[in-house]
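# Structure of the sequence below:
(2 chains)
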Amino acid sequence: MEGSMVTPAPALVRFSGIQKTYDGEHLVVKNLDLDIRKGEFITLLGPSGSGKTTTLMMLAGFEVPTHGEIYLADRPIKNMPPHKRDIGMVFQNYALFPHLTIEENVAFPLSVRKVNKAETQERVRAALRMIEMEALAQRRPGQLSGGQQQRVALARALVFNPQIVLMDEPLGALDKRLREQMQLEIKQLHETMGITVVYVTHDQSEALTMSDRIAVFNDGIVQQIDRPDALYEHPVNSFVAHFVGENNVLAGTVETIEQGYCRVALASGGSVMARAVNVASNGAATSLSVRPERISIIMDGATSEGPNRLPATVQSTIYLGDHTLAVLEVGGNEEFMVKLQPGGHNGLRQGENVSITFRPEDCLALDPV
Amino acid sequence: MTEAFLTRADAPTDVPLKRRLKRAERARQFKALSLVLPLLAFLLFTFLGPIAGMLWHAVDDWEVRQVLPHTVAALAAWDGKDLPDEKAYAALADDILAARAAGTLAIAAKRLNYAVNGFRTILTSTARNLKAQPEPGTAKETLGKINPAWRDRATWAAIKGASGPVTSFYLLAALDLTRNVDGAIVAAPPDQAIYRDVFVRTFTIGLSVTVLCLILGFPVAYLLATLPAGPSNLLMIFVLLPFWTSLLVRTCAWIVLLQSNGVVNDSLRFLGLIDAPMRLIYNRFGVYVAMTHVLLPFMILPLYSSMKAISPAYMRAAASLGAPPLAAFLRIYLPQTLPGIAAGSLLVFILALGYYITPALVGGGADQMMSYFIALYTTETANWGLASALGALLLAATLLLGVVYGKLVQGQQVTGGMKN
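As a prediction, this is how the structure comes out:
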């Protein structure tokens, strides 16, 4: 897993020109090219219907690509049945076999591979020890909590040392606290065992927490594949900026572009300097994206020099414990959010006129929404 | 206000909590009871009552007791080793004269004729020739002269055996058993011993039809459970279609199809597959075809409901864990359908055991099931005792199966691990 960061490991899985349609009219996956490196934790992130689950199902072998080829360790697997692919999978609702005990569930992949009894017992015990569930080996799935079932599903998908483990929104059914705990556990398992994980989720914070790389899906197309920090700091388009993390949008028109920066005239009047990320040319429409934590509020009357200073009206403030969120009206956007540091600007009153300011490098000029 | 509240809260301490709970629950229980009461009363009169009546008829022995009361009383002390004494003969003569006058002799004659073939003739000839009460002390001689059967110990043993108030005669007869002159249980004469065969036949047909239904119904149920909603609903209508037609009509349709000049035979001959018509009906084949057709929905529906509850994720999980399709089916899918298989099989088997119309219409003489004989004794010969005994044995066998099924299902105890 470390290798994937420093020198890219060879691709274990390669999606090459994959298209998928169910009805013959509408492409669910449009021309997907994606490499998954050995040992990495890659997350397919996107809203529902974006094609991420279909992609996972094609890799698992439950769906056949309409066009293109998938390679696993350089072997084409498009027409290989799922049980021959040697890919472990954890399902959204765990899919533990209800008529078998926990032990029998975990032993299942070994017994279909005709592993001898002594070794099976040994490996099942080791897998149950890994998830700290040895005491519950003789229970049935129905007698376990959601979190415990999830651990068993994980052990069952790992016990036969598959080349890859696929996880299809495995934590979706758990409550927040348990979900966060399981995120850490899964991440830890990945790091200690060095397995390749392909993880599907629509929860961006989950993706940011766990992944080595994230592929953001929308409308059947991979919008961007990158490390979590790069995805957050350098989104390539408005969709990624909006889907990953909190984001404020201002509409405008490009006036000038030079040296990677552009001056944008806002629709509501005034102009700001922004990093030119995804803008065509002078006169093109653009959406500006600014993260709430990169904005400062200046009380009216205070003076400050900066290229990006806009008038704002306080709508409300929301106290969130570790920080306070101010909701402002800026340039016609009534849900412009600013994250206030603890202790600062706590005296904001509703209806008060203030100014906001942000650095040009924190404001991205992206494709118009 | 506060004081009143306090005293109210404190007051029940002398009443135990359990009793207070019971009191609180009582109203709810009463309401529940009143909701099921009409059905309960209905069942009592139309179901449990008749069954109890049937069970009583199987052991009730009232005829001889009522028609020949003095004889029954006189024979009470008889040890059965020799012929009874003069007193019994006198009592019999008395009873016969009285019964002839009252016209009730035929009732006793019919009952005694079950035990000893020809008893009816003995009684009627005696009644005809017995002009008046014999002189005291000559009853034995007089009766013996009228019919030599009265000098036979077996004749008297039959009367004593039928003197009630309860008898094992019918139940034994239903098992091809009878009592000999000395009252010991022995096998019935071969010409009367048919019921064991009928029981075996009934259970064989029931079992065969169940297996056929399972083999034919399982794939259909699987298809129903896995198809998308539209085609699945259409298929379900086809499965349920037979329910909308009367049983008699469906059975007659099979007669039309399967008879010598029926649709099936004509088609086969037209295609040149056979030269002479095959015998497809009025034999066991016809019974199997018609009964399987009629009972198939009772197998498919429980199977369908158990399969519908199996998430497709299980088969996917099995495949992803390396199980080839057949192994996944046998080890993951099939075990989860066991409750459905058990329920469907039991339902079909128990229904098949009681089948009457279908075998009667499409079966031959050697394909008639227990119900046929029960109906025969009830409606044709009015031998209610034997009909009830056969019914009671069938009921006992069915209950036994029910208990076995209950144990099997209890051992299974499949609990779903899926949330949805």
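
# Can you name every helix or strand that the helix or strand containing B:Leu386 contacts?
Per DSSP states H and E, B:Leu386 falls inside helix B:384-412. Under the contact criterion of 3 or more Cβ pairs under 8 Å, 6 or more residues apart in numbering or on different chains; DSSP states H and E, helix B:384-412 touches helix B:49-59, helix B:169-174, helix B:195-226, helix B:334-353, helix B:370-375. No exception for glycine: its C-beta is placed from N, CA and C like everyone else's.

# Can you list the residue ranges for strands in the stretch 201-350 of chain A?
For the stretch 201-350 of chain A, applying DSSP state E, counting those that start in this stretch gives strands covering A:213-218, A:221-226, A:248-258, A:261-266, A:271-276, A:285-290, A:296-299, A:309-319, A:324-330, A:333-340.

# packing partners for the shortest one?
Right, the one you point to is strand A:296-299. Counting by 3+ Cβ pairs under 8 Å, 6+ apart, strand A:296-299 packs on strand A:333-340, strand A:353-357.

# okay if I get those strands as JSON lines plus distance to chain B and mean pLDDT?
Below are the helices and strands packed on strand A:296-299 laid out as JSON lines (distance: least, Cβ to the nearest Cβ, whole Å; pLDDT from 0 to 100):
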{"stretch": "strand A:333-340", "distance to chain B": "35", "mean pLDDT": "89"}
{"stretch": "strand A:353-357", "distance to chain B": "45", "mean pLDDT": "88"}
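
# Using TSV, please lay out these together with mean neighbour count.
As requested, the helices and strands packed on strand A:296-299 are arranged in TSV below (neighbours: other Cβ atoms under 10 Å in any protein chain shown):
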stretch	mean neighbour count
strand A:333-340	18
strand A:353-357	18
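
# now for those, which one comes closest to B:Tyr282?
When the helices and strands packed on strand A:296-299 are compared by Cβ to Cβ, strand A:333-340 sits nearest B:Tyr282, at 83.5 Å.

# Please list the residues of the stretch 1-150 of chain A that sit near chain B.
Contact residues (Cβ under 8 Å from any Cβ of the partner chain) of the stretch 1-150 of chain A with chain B: A:60-62, A:81-89, A:91-99, A:108-109, A:112-113, A:140-144, A:146, A:149.

# are any of the residues you listed buried, and which?
A:60-62, A:82-83, A:85-89, A:91-99, A:108-109, A:112, A:140-141, A:144, A:146, A:149 (16 or more other Cβ atoms under 10 Å in any protein chain shown).

# Can you flag which of these belong to strands?
If you go by DSSP state E, these have A:87-89 in strands.

# which helix in chain A runs the most residues?
helix A:176-193 (DSSP state H).

# is that helix anywhere near chain B?
No: Helix A:176-193 is not in contact with chain B by Cβ under 8 Å from any Cβ; minimum separation 14.1 Å.

# how much space is there between A:Ala326 and chain B?
Using Cβ to the nearest Cβ, to the nearest Å, one gets 40 Å for the distance from A:Ala326 to chain B.

# so that residue sits right up against A:Ile297, yeah?
Yes: A:Ala326 lies in contact with A:Ile297 (Cβ atoms under 8 Å); the separation is 6.6 Å.

# how near is A:Glu25 to chain B?
Computed as Cβ to the nearest Cβ, the A:Glu25 to chain B distance reads 18 Å.

# Three-state assignment for that residue, please.
coil (DSSP: H, G, I helix; E, B strand; the rest coil).

# so how far is A:Thr66 from it?
A:Glu25 sits 12 Å away from A:Thr66, going by Cβ to Cβ, to the nearest Å.

# of these two, who's got more company?
Neighbour count, other Cβ atoms under 10 Å in any protein chain shown: between A:Glu25 and A:Thr66, A:Thr66 has more, with 15 against 6.

# wait, what's in contact with that one?
A:19-21, A:27 (Cβ atoms under 8 Å, 6 or more residues apart in numbering or on different chains).

# Which pLDDT value goes with it?
A:Thr66 is assigned 94 on the pLDDT scale.

# per the record, what domains does chain B have?
B:2-52, B:63-165, B:195-412 (automatic domain parsing).

# buried ones in the longest helix of chain A?
Within helix A:176-193, the residues that count as buried by 16+ other Cβ under 10 Å are A:179, A:182-183, A:185-187, A:189-190.

# who's in contact with that helix?
Contacts for helix A:176-193 (Cβ under 8 Å, 6+ apart): A:1, A:41, A:130, A:146-147, A:150-151, A:154, A:158, A:167, A:170-171, A:174, A:195, A:197, A:206, A:209-210.

# residues in the stretch 201-350 of chain A within reach of chain B, list them.
So the stretch 201-350 of chain A never meets chain B (Cβ under 8 Å from any Cβ).

# residue ranges with poor pLDDT in the stretch 201-350 of chain A?
Within the stretch 201-350 of chain A, the segments meeting pLDDT under 70 span A:300-306, A:343-346.

# What of the stretch 151-300 of chain B?
Scanning the stretch 151-300 of chain B for pLDDT under 70 picks out nothing.

# Endpoint to endpoint, stretch A:235-249 covers what distance?
14 Å (Cα to Cα, to the nearest Å).

# What is the neighbour count of A:Leu44?
A:Leu44: 30 surrounding residues under other Cβ under 10 Å.

# Tell me the confidence at it?
According to the per-residue confidence, A:Leu44 scores 96 in pLDDT.
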